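Chemist: below are the sequence and a predicted model; questions follow.
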Amino acid sequence: MQVIPVLDLLDGQVVRAVRGERSRYRPIQSSLCATSEPVAIARALLAVTGAAVLYVADLGAIMQRGSHEAVLAELCDALGGEVEIWLDAGFTACGPMRACVERIAGLSRASSRAAIVPVFGTETLLDEGALAEASACGFEPVLSLDYRGGRALGALGAERGESTWWPERVIVMTLDHVGAEAGVDLDTFSAVRALAGERVVIGAGGVRHRDDLALAAQCGASGWLVASALHDGTLSF
């Protein structure tokens, strides 16, 4: 199963996400790297996992308190063309996503930069047609179905029981399990997996060690987003 490392950006630094309580996030303290500087943390996460995908949450943009487009351009330059950056920047529709990606590209200095894959999270998404529009524009978007306290966030959550508009890759994001050492939310994941058909379904939140990954794989997960367990050294390769 694919482990996808996560970078949470806030106020120019990588922060430790805990239960989705963003006002309480603080700069990361990691066993992998003695800094919270984004490029250094990204390289450390990719080195320890061997992953070809890095998930980045621009919490500044999601919280509407300042995006990290310059930082994202630096990440694209540093990571080069062999790494995909899955970017959740609180996109509400396709137009704002395209504008964001174009601004990042304009700030990039490298001729070979990392590819940005837009992630549309239901916490902020207002237009379910954004996924099809993004695909028509040449992107390969990912949908994040966001949950807190067992409830789907936003008007487009999975609790409607409709999946016809979902793209080929779907993330099940249980925010209150993130960084909480609570284990993976298999009930929510399994409910989405049952709706998803042949789509690739990836979980997020709660991984503590390899046993959690094994349980997730048994439930049909193709991958899982992980941060805290990597920084704490409880999940190694």
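Modeler: Yep, it's here. Numbers count the residues shown, from 1 in each chain.

Chemist: do I have it right that Ser228 meets Val14?
Modeler: No: look at Ser228 against Val14 with Cβ atoms under 8 Å: they stay out of range, at 12.0 Å. From N, CA and C alone the C-beta is placed, and that goes for glycine too.

Chemist: helix, strand, or coil at the spatially most central residue of the chain?
Modeler: Compute the mean C-alpha point of the chain, and by Cα atoms, centre = their mean the closest residue is Tyr55, 4.2 Å away. Of the three states, Tyr55 takes strand according to DSSP: H, G, I helix; E, B strand; the rest coil.

Chemist: for Ser228 and Val14, indicate the residue with more neighbours.
Modeler: Legend: neighbour count by other Cβ atoms under 10 Å for Ser228 and Val14, higher for Val14 (29 against 22).

Chemist: name every strand pairing with the strand or helix carrying the more buried one and say which way it goes.
Modeler: If you go by DSSP states H and E, Val14 is part of strand 13-16. Note on strand 13-16: by DSSP bridges, its sheet partners are strand 2-10 (antiparallel), strand 26-27 (antiparallel).

Chemist: mean neighbour count and distance to Leu45 added to the ones you listed, as JSON lines?
Modeler: What follows is the strands paired with strand 13-16, written out as JSON lines (neighbours: other Cβ atoms under 10 Å; distance: least, Cβ to Cβ, whole Å):
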{"stretch": "strand 2-10", "mean neighbour count": "23", "distance to Leu45": "4"}
{"stretch": "strand 26-27", "mean neighbour count": "13", "distance to Leu45": "15"}
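
Chemist: which of those has the lowest mean pLDDT?
Modeler: When the strands paired with strand 13-16 are ranked by mean pLDDT, strand 26-27 comes last with a mean of 86.
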